[in-house]
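K.L.:
pasting the sequence and the predicted model now:
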Amino acid sequence: MNNMQEPNDVLIYVSESGELNDRYVWKREQLYQGMNGKFVERFYPSPERSYVFKPVTHEGNGDREAWVHEHVLSSFPPIYPQLIACSAPGRGEAGWGIFEDLGTISHRFDVRHALLVAKQMAWWHSYPPEHWGDVPDTGQKPGLRQMAADLSERKDEAELALEAAGLPRRCVDDILCNMNQAGAGLWAEEAKVLSHGDLHLGNYTVTESGELYILDWEHAHLNVPFWDLYYLIDMSHPRYPKQMTLAYRERILRYYLKQSAYYGKPWEDEETFMETYSLFAAVFSLWMLMLIANDLRQDGGVWSNAELLAQRSEVKASLYDCWSKITQKGQHASEKGRTSYA
């Protein structure tokens, strides 16, 4: 791995147009393609040295990742690849960064790795928002309040997406009803924390020596703690498949609660926390089903139909688990009420 600070050298590897300059690059390898079609690449100035070149891969991100590295990650433990050099501010979509190369890394799901992430997450969630300065209020996706509004306004579309995935249409009513009863607790402003914003399986890794690295912080923003937890546990990704189980979900959530208490931010009631997470995840997963259905209608975009169908299967499983959790809660409450009345 390279952890060098040599901006005067590495700047020559990028042309004025914001692309790798083949005149000074010995070899380059495409790692993945961003949503705007640009590629993140590993490049070698020589056979002995390598870096990762990352252009802006999402429209509107501009200087966000460089800003997060300077103003937020500078106070973090070394759990992220070092930013070696970056474009000057104001380049917009032509912006780029050169990062430390972690070498060949794996994004295979391992619950032990997810627990390591949950531990670090509980640490950065323990600080109040003002600790991090001017972190943006929004990320790459709409907040849960907007997702809920979308589901209400596009109820027929949500029901069709459920039916196509093999789930009953009544999920929509069950989820929206429970959400309305929960009120603003799901998105309370006073509960917001620093959020990575995009912490799916492809954005963290554990090296062979056991070191955790969390990648791609350009979507960092303020959000409720459940946002990062949903991405870690139940967010699916076409490129990084995983199978979440009830046991794994509960294990990660309980470990997060334990670590939150350790860092001085205990949650009052564990069962309420678990139920609130299930409702948050059910809303998010239902919204994701609509998103995937739309991608399938448009023939996938950057994803193949096979990848999208596999992703839909994962979302279906997570949605079913979380929907079952919140509906069981309602059934138990109803049974308790009937017993008391009798």
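P.N.:
Structure's in. What do you need?
K.L.:
where do the strands sit along the chain?
P.N.:
If DSSP state E is used as the criterion, the strands of the chain fall at 27-33, 39-46, 49-55, 83-86, 96-100, 193-195, 204-206, 212-214, 221-223.
K.L.:
so which of those is nearest E65?
P.N.:
Evaluated over these, closeness to E65 peaks at strand 96-100, with 6.1 Å, by CB to CB. Every C-beta, even on glycine, is put in place using the N, C-alpha and C of the backbone.
K.L.:
how far away is N305 from L279?
P.N.:
According to CB to CB, to the nearest Å, N305 stands 31 Å off from L279.
K.L.:
hang on, the earlier thing: could I get the strands of the chain as CSV with mean pLDDT?
P.N.:
Below are the strands of the chain laid out as CSV (pLDDT from 0 to 100):
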stretch, mean pLDDT
strand 27-33, 93
strand 39-46, 95
strand 49-55, 95
strand 83-86, 94
strand 96-100, 95
strand 193-195, 97
strand 204-206, 97
strand 212-214, 98
strand 221-223, 96
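K.L.:
go through these and name the closest to Q181.
P.N.:
So among those, strand 221-223 is nearest, using CB to CB, at 21.8 Å.
K.L.:
direction included, what does that closest one pair up with?
P.N.:
Next to strand 221-223 in the sheet, as set by DSSP bridges, lie strand 193-195 (antiparallel).
K.L.:
distance-wise, check R64 relative to F39.
P.N.:
Distance of R64 to F39, computed by CB to CB: 19 Å.
K.L.:
I meant D174, not that one.
P.N.:
In terms of CB to CB, D174 sits 42 Å off from F39.
K.L.:
before we move on, what about L194?
P.N.:
29 Å.
K.L.:
who's more crowded, the two?
P.N.:
Between L194 and F39, counted using other CB atoms under 10 Å, L194 has the larger neighbour count: 23 against 16.
K.L.:
enumerate every residue touching the more buried one.
P.N.:
V72, W124, H125, Y127, P129, H131, W132, V135, A220, L222 (CB atoms under 8 Å, 6 or more residues apart in numbering).
K.L.:
at 6 Å instead, please
P.N.:
By CB atoms under 6 Å, 6 or more residues apart in numbering, L194 lies in contact with W124, W132.
K.L.:
name whatever forms a beta bridge with it.
P.N.:
L222.
K.L.:
related to what we said a few turns ago, N305 and L279 - which one has more neighbours?
P.N.:
L279 (23 against 11).
K.L.:
distance of the more buried one relative to A114?
P.N.:
With CB to CB as the criterion, L279 and A114 are 21 Å apart.
K.L.:
and stretch 307-319, which residues are buried?
P.N.:
Neighbour-count burial for stretch 307-319, counted by 16 or more other CB atoms under 10 Å, picks out E307, L308, Q311, R312, E314, V315, K316, A317, S318, L319.
K.L.:
so, low pLDDT: which residues of the stretch 201-342 of the chain?
P.N.:
For the stretch 201-342 of the chain, the stretches flagged by pLDDT under 70 are 300, 329-342.
K.L.:
let's go with 90 and repeat that
P.N.:
Per-residue confidence for the stretch 201-342 of the chain (pLDDT under 90) gives these ranges: 208-209, 268-269, 298-303, 327-342.
K.L.:
that one: helices as residue ranges?
P.N.:
For the stretch 201-342 of the chain, the helices defined by DSSP state H, counting those that start in this stretch occupy 225-233, 246-262, 270-297, 305-341.
K.L.:
contacts for the shortest one, please.
P.N.:
Contact partners of helix 225-233, identified using CB under 6 Å, 6+ apart, comprise 114, 117, 121, 125, 193, 195-196, 199-200, 249, 252, 277, 280-281, 284.
K.L.:
ditto for stretch 128-139
P.N.:
Under CB under 6 Å, 6+ apart, the answer for stretch 128-139 is H71, V72, K192, L194, G197, H219, H221, L222.
K.L.:
out of those residues, which comes closest to Y32?
P.N.:
For those, the minimum distance to Y32 (CB to CB) is 15.6 Å, reached by H219.
K.L.:
can you name the residues that contact that closest one?
P.N.:
For H219, the contact set (CB under 6 Å, 6+ apart) comprises G139, Q140, G197, D198.
K.L.:
export those to CSV and tack on pLDDT, distance to I79 and neighbour count?
P.N.:
Shown next, in CSV, are these (pLDDT from 0 to 100; distance: CB to CB, whole Å; neighbours: other CB atoms under 10 Å):
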residue, pLDDT, distance to I79, neighbour count
G139, 89, 20, 19
Q140, 88, 21, 14
G197, 96, 16, 25
D198, 97, 15, 23
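K.L.:
for the residues you listed, which one is nearest W26?
P.N.:
When the contacts of H219 are ranked by distance to W26 (CB to CB), D198 comes first, at 31.4 Å.
K.L.:
can you tell me the closest non-neighbouring residue to the closest one?
P.N.:
In space, and not counting its chain neighbours, D198 is closest to H219: 4.3 Å by CB to CB, 6 or more residues apart in numbering.
K.L.:
tell me how far that neighbour lies from Q140.
P.N.:
H219 is 5 Å from Q140, by CB to CB.
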